Every structure is written in C-alpha cells, then in structure tokens.
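*Asks:* Predicted model and sequence follow; I will ask about them next.
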Protein chains: 2
Amino acid sequence: MSKGPWLDEDEQQAWRSYLLMNRTLETHLERHLQREFGLSKSDFEILVNLSESESGRMRAFELGRATQWEKSRMSHHLSRMEKRGLIRKESCQARYPEIAITEEGMAAIKACAPAHAARVREFFVDIFGPDRLAVLGEVSDDIVAKIGQHCATDCPPEVSGLDAT
Amino acid sequence: MSKGPWLDEDEQQAWRSYLLMNRTLETHLERHLQREFGLSKSDFEILVNLSESESGRMRAFELGRATQWEKSRMSHHLSRMEKRGLIRKESCQARYPEIAITEEGMAAIKACAPAHAARVREFFVDIFGPDRLAVLGEVSDDIVAKIGQHCATDCPPEVSGLDAT
DNA sequence: CTCGTTTGGTTGATGTGTCAACCCGGTCAG
DNA sequence: CTGACCGGGTTGACACATCAACCAAACGAG
C-alpha cells in the first residue's frame, strides 16, 4: 500500500514542516505589515514593483507578468488601491492606462520596507545562512522550471476559447 | 544605503526565488485538486485530519489546533463543507458537536490523495532529494520555533479583552 | 449562590481572490 | 469590407479569510 506515489515517513514529515513554516512565516510577515503600516502583502507587492521601476509607472499587464497574478485580480486590486490613494490610473493619450505610484504610495512603501526586510532577514535569511540559502534558491528555481515545463505540455491555461458563439 | 537591515543581492534573489516557487507550487497543487476533484486546499486539509483520526470524528478545536486556523475560519468552512455533504456536525449527547467525516468525504479524499501525493513527490520531494529535503525540514522547524518564541514575548494575540464592559 | 472569567463556538461585515463572461481595439484572411 | 480571432482590460457573482462582536456552558473565588 506504500509503493505507489506515496510519501514515506521522512518525506511526509519534511513536507509538513515546510508547509507549516510557510504558513507561519507568511502570516507573521503579513500581520506586521498590516498592523504597523496598513498594507497587505498584495499591496506591498504592487508597490515594490512600481517603486522599483524607473518612472514609477507601469502597464497593468507588466505588473501581471512581474507578480504572476491573474488579470482580473490585478484589475480588482488596482481599483481598490486607487480608491485608497496608493496608485493612480493615468489614461494619458495611449489607449491603455498606465498605473502610477502616488506620493502616498511611495511614502507607504518607503516606510515599511526596512522593517519588512529586517524581518525577512531575522526569520528566514539568517536562519538558513548563506550556503543553505543559496541551495534553496537553486532548488526553488528548478521547481519553478519543472512546473513551468509540465504546464507547457500538460495544462495550457483553459484554452477552448469560444466566447459566446 | 545597504547597511541597515537590508538584504544584499544574493539574499534578495534567493528570497524571491523562494517566494515564486511557493506561489507556483501552491497554485499548481491547488488547481489540480480543484479541477480534478472539486476540493480546495482547505477542504483537503480538513479531510486529511479527519480521515487520519481513529474514529473519523474530531472536535472543531482539535482541528483548529492541527491546522492552525482561526476558529471563525473553521466555523465558516465547516458550515460550507457540511452543506456540500463532506462532513457532518453531530451534536450527540456532549455539549459541543463533533465533526464527522461522511462517506462522501471519505470517498473524496481517498480519490484525490494518491494523485496529490504523487504531485508533491514529483515537484517537490524528488527535486530536493533526500538530503536537502531533510535539511529543509530542520530549517523549517527552526523558523517556526523562532517565530513562536518571538511571538510569545512580543505579540500576545491581541489581548486586551474587555468584551463590552 | 453569584459574579467574573475562560473556553469553545457562531455570526455578520468587510476585504480579497477566482472564475467566466464580456468589451473594445487591432490584425489578418477571405 | 467583413468577419474571425487575438491581447489587454473590466465586471459581477461567488467562495473564502479575517476581524470583532457576541453567546452559552463551565469553572473558581468571594
């Protein structure tokens, strides 16, 4: 009953440790971000990308590429962020609007970035240490690559497109 | 500008690889679960716990301890799962209801577990390999411990309890 | 006994993610 | 020109998570 694809004890155990660590770390980081600065992880991600871009403005689908979000999620979230004054949708002359970070958004991310980085260092980077961290990075890339190649052949994202025909 | 708590290039890079891997793996696993078996990760987690218990029945707060969910999340989710027929709340003679897995729930998890395990193996366990996996498990436990101890001293979960005084 | 607290659990409001459907402007085949 | 089909983006409905407030039984000290 354990020959198939099953995980043995050790594997099971490591996998569960990993899952728990993940959840714990994620919630820890997000709670601090939220409580101290009123930003969600999602807000943070968007603001990081915008603030790192030269002009402080990007097209929505560039953000989508960078964050790997679905376009509808992006659209919803950007609307909410605009309502909160963190970004602005600028319709300039081009046919698609650009997303620009506002003063307020810039201030928000500058305020929270150091504390956030410090936490990542304290609870992740420093516990791994340089060597193991490097290994983790490599393995992570391998996993992403493997899933990517798997999906390329196996799960073309819901093509069958017939709209309303 | 990089002396404070800041992350250097390599650290930054590893951390981002890790984040991406995480998201990718999680969404990959969850999509398959959802599409092939109609279960969310949350459903899966509950059903795993119930099906692993001797009697197939647990109190809600035991599930809470096992999954680390907030009690309100648990309550909401159990209600939805009951509506879908995956579990049952049995009010027997004790004052608090027990959560029991149904035939249908049992069938669902038995159906999806092998495929799920196979994916975890293919995209995670086998890519790490036994040694690195073991290391990851240890580091994960360390991180959880560190966050735990940090929170014990630093962030007692919002005590101030005054109800409506 | 009675009041205050703790424990286990529910509820409702709100914010967020996902899916499917749709819209609109280009592009390309015929 | 017409009509299929993109790519980029929005919308609405729904599932889900979180928070705060609440409820009821059990416990403990006075």
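*Replies:* On my side now, so go ahead.
*Asks:* Mind jotting down where the strands sit in chain A?
*Replies:* Using DSSP state E, the strands of chain A run over A:57-59, A:87-90, A:98-101.
*Asks:* quick one: which of these is nearest B:Arg121?
*Replies:* Judged by Cβ to Cβ, the one of the strands of chain A that comes nearest to B:Arg121 is strand A:57-59, at 38.2 Å. Backbone N, C-alpha and C define where each C-beta goes, glycine included.
*Asks:* Strand partners (parallel or antiparallel) of the closest one?
*Replies:* Here strand A:57-59 has these sheet partners by DSSP bridges: strand A:98-101 (antiparallel).
*Asks:* Using CSV, list the CA coordinates for the strand it pairs with.
*Replies:* Provided in CSV are the C-alpha atoms of strand A:98-101 (Å, rounded to 0.1, in the frame of the first residue of the first chain):
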residue,chain,number,x,y,z
GLU,A,98,-0.7,53.4,-17.0
ILE,A,99,-0.5,52.6,-13.4
ALA,A,100,1.4,55.2,-11.4
ILE,A,101,2.5,55.2,-7.8
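*Asks:* Identify the single longest helix in chain A, thanks.
*Replies:* Counting by DSSP state H, the longest helix found in chain A is helix A:9-37.
*Asks:* Quick one: work out the angle between that one and helix B:9-37.
*Replies:* Interaxial angle of helix A:9-37 relative to helix B:9-37 (axes from the mean of the first three to the mean of the last three Cα atoms, to 10 degrees): 110 degrees.
*Asks:* ok, and what's touching the helix or strand of chain A with the lowest mean pLDDT?
*Replies:* Using mean pLDDT, DSSP states H and E, helix A:130-154 stands out as the lowest-scoring helix or strand of chain A, at a mean of 90. If you take Cβ atoms under 8 Å, 6 or more residues apart in numbering or on different chains as the criterion, helix A:130-154 is touched by A:125, A:128, A:157, B:10-11, B:13-14, B:17-18, B:20-22, B:24-25, B:28, B:122-124, B:127-128, B:132, B:135-136, B:139.
*Asks:* quick one: is that helix near DNA strand D?
*Replies:* No - taking Cβ under 7 Å from any atom of the strand as the criterion, helix A:130-154 and DNA strand D are apart, separated by no less than 14.9 Å.
*Asks:* related to what we said a few turns ago, just the buried members of the contacts of helix A:130-154?
*Replies:* Listed as buried from the contacts of helix A:130-154 are A:125, A:128, B:11, B:14, B:17-18, B:20-22, B:24-25, B:28, B:123-124, B:127-128, B:132, B:135-136, B:139; burial here means 16 or more other Cβ atoms under 10 Å in any protein chain shown.
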